[in-house]
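S.K.: coordinates for the following, if possible.
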Amino acid sequence: MDIFRCALILTVILCAALPCDAQPANVQPRYRKFLSQHVNEHMNQHICTQVIHEREITETNSNRCKEVNSFIVADKKHIRDVCVRAGSPLGRDLYESTQPFQVVKCTLKSGVTRPHCQYKGSKQMRRITLGCDQGWPTHYDEDTVVITHG
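M.R.: Sure, this is the predicted structure:
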C-alpha cells in the first residue's frame, strides 16, 4: 500500500511540474508557424526585408515573395491573451484584441521570388484579429487601424 501511495504522490507532483504553457500536439506546428511569420518583439519598419529573408517567409507552398506580411510587436504571452482573456469573440475561431498592438506591415517593393524580395515597412497601432485553436493563436486574420488623437 505504501508503494502505491508513493507512486500516486510522485505522479501528482510530476503532473503539477509539467508546463501549463505547452500547446496541444495538433496545434503546435501551426502555432510555431504563426510565431515565425507574425511575431517579433523587436521588429521595426526598417528591417522588413532582413526579417522576412531570415525567417524564409514566402507565399504558402511556393518560393514567391509574399505581397504583404504583418508583424505584431509584442511578446508571445500578450498575443496569446487575445485568444484567452484579452479578445472579443467574432465567431468561428476568430478573436479581436480588446487593446491595440504595435504592428509593422511589410509590403513588397520589388522582387518575384525569394531571395530577391525587397520590402517597405510601416508601423501603426492596430487591433488585431487572430484565428485561435484551443486557446493558441494559429492565424493572423486582419487588423484595424486605431486612430490616435494628439
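
S.K.: which parts of the chain are helices?
M.R.: 2-17, 28-38, 48-54, 76-84 (DSSP state H).

S.K.: distance of the spatially closest residue to residue 133 that is not a sequence neighbour relative to residue 131?
M.R.: In space, and not counting its chain neighbours, residue 133 is closest to residue 27: 4.9 Å by C-beta to C-beta, 6 or more residues apart in numbering. Any C-beta I mention is one placed from the backbone N, CA and C, and that applies to glycine too. Distance from residue 27 to residue 131, counting by C-beta to C-beta, to the nearest Å: 11 Å.

S.K.: where does pLDDT dip in the protein?
M.R.: Within the chain, the set of residues satisfying pLDDT under 70 comprises 1-21, 147-150.

S.K.: one more time with 80
M.R.: 1-21, 145-150 (pLDDT under 80).

S.K.: please enumerate the strands of it.
M.R.: Using DSSP state E, the strands of the chain run over 68-72, 87-91, 94-97, 101-110, 118-133, 136-145.

S.K.: would you format those as TSV with mean neighbour count and distance to residue 40 included?
M.R.: Shown next, in TSV, are those (neighbours: other C-beta atoms under 10 Å; distance: least, C-beta to C-beta, whole Å):
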stretch	mean neighbour count	distance to residue 40
strand 68-72	21	5
strand 87-91	13	20
strand 94-97	20	17
strand 101-110	18	8
strand 118-133	19	11
strand 136-145	18	12
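
S.K.: what number of residues lie near the residue nearest to residue 133?
M.R.: If you count neighbours by other C-beta atoms under 10 Å, residue 27 ends up with 18.

S.K.: quick check: phi and psi on it?
M.R.: phi -100, psi -30 (degrees, to the nearest 10).

S.K.: quick one: contacts for it?
M.R.: By C-beta atoms under 8 Å, 6 or more residues apart in numbering, the residues touching residue 27 are 133, 134, 136, 138.

S.K.: ok, so of those residues, who is nearest residue 111?
M.R.: residue 138 (27.7 Å; C-beta to C-beta).
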